[in-house]
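Mind folding the following:
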Amino acid sequence: MKDAKAMAYVNMYGVLGTLENLCAMDADAQDVLEHLKKPVSLCFHVKDGPCCTFHFTKSGCRMTEGEQGCTCKMTFSSPEKFNALIDNSKPGLPTKHPAQVLSFLLGPFTALTNRLTELLRPGEEQLRDPAFFEESTLLTMYTIAGAISALANHDPISRISAGNTVDGQVQLGIAGKLAVTICVKDHRFTTVKAPCDSPRAIMEFASVQLAHDLFAGQASTINELCKGAIRLRGMISMVDNINRILDRVAVYLG
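Okay, here's the model as predicted:
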């Protein structure tokens, strides 16, 4: 079962959080930003849930916690209402500069989220394009990384694994392509979309193809470990706990 509040954090930090990476990597997204008339900082405030602001400029997207610096704002009366924005495109209540909220939400923001959905939920034909395949897989990795911390902090089942995880930093990545860091402090997780200078543990996939197959459930983690295609190093108990949380990520994002 999914917890609605935990799902709201997954949608905010996992799904929408990947807009940062989409805007940095994707030519279609960059074209949308290029046509912005002026910078927009859109805040999503969820009662009893997350509150984050997405700052859009011609050069990219940056996500920050809280509503500081927002130029427009949309509020949601519950996590369920926010999840409906992601699942069914049902907007919340514009509470700051409503005309700007609706104009941006129905225009550039929808174009960006549609492109993100296309990449995160691709068809078989699209995946035959090597460039699309790689971009889709890398963005999926960023989404999963954000979802790991969201669930470790808010999903009742994942919090059991988080409670058994020692302090330190775990680097997850795809060899030669990307690395992200899961920071653990007092059993609270934070995702940093960058490599770590001194990770306490590392889990690295040998290739983009392997990462895709693992994410799609088309490869066995145990088999790939035995073949040496998944590199593990350091405090293995940290990786074990993250792998348990990854099982919950599959439930929430499946």
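
avg pLDDT for stretch 46-62?
Across stretch 46-62, the average pLDDT comes to 97.

What residues sit buried inside that stretch?
Val46, Gly49, Pro50, Cys51, Cys52, Thr53, Phe54, His55, Phe56, Gly60, Cys61 (16 or more other CB atoms under 10 Å). Backbone N, C-alpha and C define where each C-beta goes, glycine included.

got the contact list for Asn153?
Applying CB atoms under 8 Å, 6 or more residues apart in numbering, we find Asn153 in contact with Tyr9, Arg159, Ala162, Arg188, Phe189.

mind putting these in a markdown table, pLDDT and distance to Met235 included?
A markdown table is the format used below for the contacts of Asn153 (pLDDT from 0 to 100; distance: CB to CB, whole Å):
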| residue | pLDDT | distance to Met235 |
| --- | --- | --- |
| Tyr9 | 98 | 25 |
| Arg159 | 97 | 20 |
| Ala162 | 98 | 15 |
| Arg188 | 97 | 17 |
| Phe189 | 98 | 15 |
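
mind listing which of those are in helices?
Tyr9, Arg159, Ala162 (DSSP state H).

Please convert the residues you listed to CSV, extending it with distance to Ala216.
As requested, the ones in helices among the contacts of Asn153 are exported to CSV (distance: CB to CB, whole Å):
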residue, distance to Ala216
Tyr9, 24
Arg159, 27
Ala162, 26
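
For this protein, which segments count as helices?
Under DSSP H, the chain gives helices at 4-9, 19-25, 27-34, 79-88, 98-104, 110-120, 130-154, 156-163, 208-215, 221-227, 236-253.

Check which helices and strands the third one sits against.
So that's helix 27-34. If contacts are counted by 3 or more CB pairs under 8 Å, 6 or more residues apart in numbering; DSSP states H and E, helix 27-34 sits against helix 19-25, helix 110-120.

Out of the ones you listed, which is the most enclosed?
Most buried of the helices and strands packed on helix 27-34 by mean neighbour count (mean count of other CB atoms under 10 Å) is helix 19-25; its value is a mean of 20.
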